[in-house]
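A.B. asks: Based on what follows, work out the 3D shape:
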Amino acid sequence: MPLPDYRESLQAAVEADADGLIGEGRLDEALDLVQGFRVIADDPRLTYEESLIRRLQGDNEASERLLREALDRDPDLAFAWYDLGEVCLMSGRQEEARSAFEEASARSEQHPKGWAAPFRLAELAGLRSDVPAFDRHLKEALRRGFRFATVVEDPRWRGFLADEGLAEVLRRLMVVYGEEAILRRWEQAQ
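C.D. replies: All right, here's what the predicted structure looks like:
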């Protein structure tokens with residue numbers, strides 16, 4: 001069996017260390033670590049990591065610039081597409097967000113959290129009252145592992161019951177996927 005690639009191993013260790021620092025809220029240290037390593041051996045995943053730190057620091061403009069840089073170098077980074085969608089949403093650019101989430105969805109089908117991008121697409125469709133897109137994206141999110149328990153307390157999702165077309169989709173899918181208890185809870189709150 002061949003030995004692992006040294007650079008790849010070192011980069012994975014830097015990413016893991018940075019993720020640990022981020023988890024502890026030590027963003028400045030995580031940024032120093034990632035930027036220091038990028039000087040030595042830059043990689044689109046590290047560019048993404050820096051974008052994440054910048055977003056968590058509240059610098060969405062720098063985060064978006066870094067996300068686009070990472071995606072220019074590696075357009076298959078599903079997590080970068082997803083985060084670009086989030087940054088676009090924060091800036092009120094729903095159509096750009098939708099496009100980014102579509103890219104993330106196309107590239108994340110096998111990921112353990114591959115439901116996240118189609119879920120966000122369903123949510124955006126719900127906000128537009130686009131019933132066919134809501135149904136299509138929500139089915140895909142459910143197929144990939146999404147559960148309504150994720151949004152049980154989200155008033156926006158509960159509010160989709162006020163739209164007759166969206167409500168029909170929600171009722172049907174919640175019954176099919178055995179989540180009627182959440183549906184009853186939402187209907188009682190209406």
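A.B. asks: Now name the helix or strand holding Gly25.
C.D. replies: Gly25 belongs to no helix or strand when assigned by DSSP states H and E.
A.B. asks: count of residues packed around it?
C.D. replies: As a burial measure, Gly25 scores 10 neighbours (other CB atoms under 10 Å). Just so you know, the C-beta spots here come from the backbone N, C-alpha and C atoms, and that holds for glycine as well.
A.B. asks: Where does the prediction get shaky in the chain?
C.D. replies: 3 (pLDDT under 70).
A.B. asks: From Gly92, how far out is the most centrally placed residue in it?
C.D. replies: With distances taken as CA atoms, centre = their mean, Tyr82 lies nearest the centre of the chain, 4.3 Å away. Tyr82 sits 18 Å away from Gly92, going by CB to CB, to the nearest Å.
A.B. asks: before we move on, what about Leu71?
C.D. replies: The spacing between Leu71 and Gly92, counted by CB to CB, is 21 Å.
A.B. asks: Equivalent analysis for Leu56, please.
C.D. replies: Using CB to CB, Leu56 is found at 20 Å from Gly92.
A.B. asks: Compare these two (neighbour count), which wins?
C.D. replies: Using other CB under 10 Å as the criterion, Leu56 and Gly92 rank with Leu56 on top: 14 against 8.
A.B. asks: Verify the contact between that one and Asp28 for me.
C.D. replies: No: counting by CB atoms under 8 Å, Leu56 stays clear of Asp28, with 10.9 Å between them.
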